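# Would you be able to build a 3D model of this:
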Amino acid sequence: MKDTLYIWIFGSLLSVVWGENLYELLQSRSDLSQFADLVTKDELVLTLLKFRQGTLFAPTNDAIQMHRGPKDSNFLLYHLSNVALTLDKLEQSVTSELPGNPPLWVTRRKIPESEDFEHFINNAKVIEADVKGTTQSQEQQVLHIIDEALESTVPVNKDSSLSNPDALRLLEKANAFGLSGMQVTDFFQRIIATDRTKIFSTPGGSTFFIPVNKGFETVSREKVDSKVVDGHVVPGAVIFTRASIPGRPIKTLTFGDNIKVTLAMNNDSIPGSPGGYQPSVQSNTRSGDYNHPKGVVISSIVKANIPVKNGVVHLIEKPLVVIDKDMVNFLKEERNGRLQEFYKVVKDYAPDFMEEITRAGELTLFAPSNDAFINADQDILSRLLANSEKLREVLQLHLVRRRVSSDDIELRTVVEVDTADRHRKLYFNAIGQLSNRTLTVEGGGVNATIVQGDIAALNGLVHIVDKILGIPSASMLDKILSDPMMSDSATLGSQSGFNLRLGDTNRKYTYFVPSNDAWLKIQRNHASTHKKLFMGGFGYQSEQALEHHLLIGRGMKIADLEELFQNSKSDRTQIQMLRGRLNLRVEKTQGDYYIERDGIRARVIRPDVQCTNGVIHVIDEVLIHPRDVSVSSSSIRKLSVLASIFSSVLAFRSL
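Okay, here's the model as predicted:
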């Protein structure tokens, strides 16, 4: 009995001195029991974990259950390295114990809005790090716990000559690695024909995007020249899907003086797809030539995260950089993707519009995403689909008969543009810092964000937006309060009860809103009038000035005003405004509309800003004369006295 006790005490002391080895650490963790069971059945791996220095990347039980590949000795060895490395000692790669010693690729990524970093081993995230162990011979061991099993690239027939392939070897012997269902021979032949084989066999760490043969059904092989091939390679960076930063552009090998191509990875939300998302990659030819035009090409990743000796390979559905489809065929391609709702509406309800975007030429289409349709007012949307004429107007608001790129919007070379709807324009803005700009487009009173820009088609560009233009969701009050171009009119209306009526959704209004620049003209030319209106003490006069601009009872678009004017028998038409009459004369000159009131001629710089309770037309002049704003001198003196008394009271209270 005493001997047994002595042995137990001695063993405990050894455990304290030596600590637990990797196998014992596995056995002590219930969340790693399935990986521990696999180790128990493998004598080689069991011995290595007990007696040798090393680092183990152990997948959780959930990760083991999700793994669909073999769980043999090679599977276990690929999770093990023969050097003990804590998280801070991990470099770009770690050599694994799998025959051929293929690398495990390490990504260190900063967590957004935090000073901390997260780490990935291939595509697996480290969820617990630096669990230290020790062998009986005092050799150090380290356990890192990961949330996904590591998948190695091994030949199906276990041919040792194919162990640890580089990207070129993988493509050359694709069938031997179980890729027979995704042939890549077409792209491999283009690599050989363009003499780019060295790129795919060069040591180091790069990311290779390889289109499968099916993607060449609509792409001429001759278009895949050396620049296109190089545009599929990100040098010096090994990017697995989960470890990537969505949307972040990275330079490819095609990034020189003349042609500049970047790649960015995304996890796109796709209804009905496994997991609810589909990883994709997009090339962006930011600077091009005749054979390599500017624009974005998006391709789904059909098989991701194939680790190789010199980086990682992703198989994609079609070649990047090459523009191969017109807008209609692009929409057909997206019929089960991000634009499936838009495609369905155009196909089922607006075949004429579908024909219009098939035409050759330079077009720009602002296509609403699936979320835009989900978030739209469903009653308004249903009524729109039942009215083919109104639907056509809305669709034409999304189409521009010229090329408008993200650079045009960001650099402010294009701030407004005519649309296929002859009465309405689109207005653009770029918000934020240069490194993180948000691009917006407004049409028909709806301000939308461009969530994916510059998708290249043979006949122009497609921008995906997050709202349906022309289907208003804001009241007139909400619109003027949120729109920077109308902020002065909003401020003036807040000095009295004028703005309150604009929130009434039970009535319809037409509001000719002076822009900020229009008020600036009043300040320059009639300083005293401007001062009276904006000094804050004359709400009645402020309200009176704005009432000359507001029509109650009807929401009239420019087309309605134009028709009303043309049907009149004189050169002017009188409209009863909230205060006084507007002698309306609608004149279209060089694509712009003008209105007149008592000799004041104003250009409509933003027509048909539609709201839930009416229509706003932004104008470049204020439709009042100084005589319309009359304030007695006694009133001004009274206000000055009150202001002086108020200032004195404040000064006294601060003592």
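# alpha carbons only for contacts and neighbour counts from here, please
Will do.
# ok, now which ones touch the most centrally placed residue in the chain?
With distances taken as C-alpha atoms, centre = their mean, residue 451 lies nearest the centre of the chain, 4.0 Å away. Listed by C-alpha atoms under 8 Å, 6 or more residues apart in numbering, the contact set of residue 451 reads 463-466.
# same thing but at 10 Å, please
By C-alpha atoms under 10 Å, 6 or more residues apart in numbering, residue 451 lies in contact with 368-369, 438-440, 463-466.
# so where does it fall, helix or strand?
Per DSSP states H and E: residue 451 is located in strand 446-457.
# pLDDT averaged over that strand - what is it?
Mean pLDDT, computed over strand 446-457, is 92.
# Tell me the buried residues in it?
Residues of strand 446-457 classed as buried by neighbour count (16 or more other C-alpha atoms under 10 Å): 446-450, 452-457.
# Residue 504 touches residue 475, doesn't it?
Yes - the pair residue 504 / residue 475 is scored as a contact, 8.0 Å apart, by C-alpha atoms under 10 Å.
# Neighbour count for the two, which is higher?
More crowded of residue 504 and residue 475, by other C-alpha atoms under 10 Å: residue 475, with 19 against 15.
# before we move on, back to that, list residues touching both of residue 504 and residue 475?
What both residue 504 and residue 475 touch, as defined by C-alpha under 10 Å, 6+ apart, is the set 612-613.
# Go ahead and confirm residue 600 touches residue 625.
Yes - if you go by C-alpha under 10 Å, residue 600 and residue 625 touch, sitting 8.5 Å apart.
# Have a look at those two and say which one is more surrounded.
residue 625 (15 against 12).
# Now the more buried one, what are its backbone angles?
Note on residue 625: its backbone torsions stand at phi -100, psi 160 [degrees, to the nearest 10].
# Could you report the separation of it from residue 546?
12 Å (C-alpha to C-alpha, to the nearest Å).
# Contacts only, for the residue nearest to residue 59 when sequence neighbours are not counted.
With sequence-adjacent residues excluded and distances taken as C-alpha to C-alpha, 6 or more residues apart in numbering, residue 59 is closest to residue 146, at 4.8 Å. Contacts of residue 146 were listed using C-alpha under 10 Å, 6+ apart, and they are 56-60, 63, 119-121, 123-129.
# at 6 Å instead, please
The contact partners of residue 146, taken as C-alpha atoms under 6 Å, 6 or more residues apart in numbering, are 58-59, 124-127.
# next one: residue 308
165-167.
# what do you get if the cut-off is 8 Å, keeping everything else the same?
With C-alpha under 8 Å, 6+ apart, residue 308 has these contacts: 102-103, 153, 164-167, 170.
# Kindly report the same for residue 547.
By C-alpha under 8 Å, 6+ apart, the neighbours of residue 547 are 577-579.
# The same query, at a cut-off of 7 Å, please.
Contact analysis of residue 547 by C-alpha atoms under 7 Å, 6 or more residues apart in numbering lists 578-579.
# Let me know the pLDDT of it.
Residue-level pLDDT assigned to residue 547 equals 92.
# Tell me how far it lies from residue 620.
Separation of residue 547 from residue 620 (C-alpha to C-alpha): 17 Å.
# same thing with residue 303?
Distance of residue 303 to residue 620, given as C-alpha to C-alpha: 56 Å.
# Give me the more crowded residue out of these two.
residue 620 (22 against 16).
# if we can go back for a sec, and the contacts of residue 308 as a markdown table, adding secondary structure, distance to residue 516 and neighbour count?
What follows is these, written out as a markdown table (DSSP: H, G, I helix; E, B strand; the rest coil; distance: C-alpha to C-alpha, whole Å; neighbours: other C-alpha atoms under 10 Å):
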| residue | secondary structure | distance to residue 516 | neighbour count |
| --- | --- | --- | --- |
| 102 | coil | 65 | 24 |
| 103 | strand | 62 | 23 |
| 153 | coil | 63 | 19 |
| 164 | coil | 66 | 23 |
| 165 | coil | 65 | 23 |
| 166 | coil | 62 | 23 |
| 167 | helix | 59 | 26 |
| 170 | helix | 63 | 26 |
